[in-house]
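Peer 1: fold the following, please.
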Amino acid sequence: FWMVIVTVATVGYGDLVPQTFFGRVFMGFVILLGNVWTSLLLGIVVEKVQLSRTERQMVTLVEHKAWRAQLELTACVWIQ
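Peer 2: Sure, this is the predicted structure:
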């Protein structure tokens, strides 16, 4: 069971392991706490990096205008 916790948490190869049951419980809690901390940190970073609704609308508008300009250029080439 201990090797499953260590493997899932990717914290090591088991070269240093707690010797007692309570040591393993404590380290399991520390591993779980580390995973929760990492998840919270990544959630905050993703939220800050993610575009707002207005920014997404502006990106869509700019892409649409670029597509429209390319379409008009292609139409001009075909007409000539």
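
Peer 1: longest helix anywhere in the chain?
Peer 2: For the chain, the helix with the greatest residue count under DSSP state H is helix 21-49.

Peer 1: roughly how far does the residue in the chain sticking out farthest from the centre sit from residue 74?
Peer 2: The C-alpha centroid of the chain is most remote from residue 80, which lies 49.0 Å away (C-alpha atoms, centre = their mean). Between residue 80 and residue 74 the distance is 11 Å, computed by C-beta to C-beta, to the nearest Å. Backbone N, C-alpha and C define where each C-beta goes, glycine included.

Peer 1: likewise for residue 31?
Peer 2: For residue 31, the distance to residue 74 - C-beta to C-beta - is 58 Å.

Peer 1: compare neighbour counts for the two and give me the winner.
Peer 2: Remark: of residue 31 and residue 74, residue 31 carries more neighbours, 17 against 10, as counted by other C-beta atoms under 10 Å.

Peer 1: where does the protein have low pLDDT?
Peer 2: For the chain, residues meeting the criterion pLDDT under 70 lie at 1-5, 7-8, 10-15.

Peer 1: hmm, 80 instead?
Peer 2: Within the chain, the ranges that satisfy pLDDT under 80 run 1-17, 80.

Peer 1: for the longest helix of the chain, buried residues please.
Peer 2: The neighbour-count check on helix 21-49 (16 or more other C-beta atoms under 10 Å) flags 24, 27, 28, 31 as buried.

Peer 1: touching, the last one and residue 9? I think so.
Peer 2: So the one you mean is residue 31. Yes - using C-beta atoms under 8 Å, residue 31 makes contact with residue 9 at a distance of 4.3 Å.

Peer 1: which neighbours do those two share?
Peer 2: Overlap of the contact sets of residue 31 and residue 9 (by C-beta atoms under 8 Å, 6 or more residues apart in numbering) is empty.

Peer 1: for residue 51, which three-state class applies?
Peer 2: With DSSP: H, G, I helix; E, B strand; the rest coil as the basis, residue 51 sits in coil.

Peer 1: is it true that it touches residue 57?
Peer 2: No - between residue 51 and residue 57 there is no contact, the gap being 9.4 Å when judged by C-beta under 8 Å.

Peer 1: got a list of what residue 51 touches?
Peer 2: residue 59.
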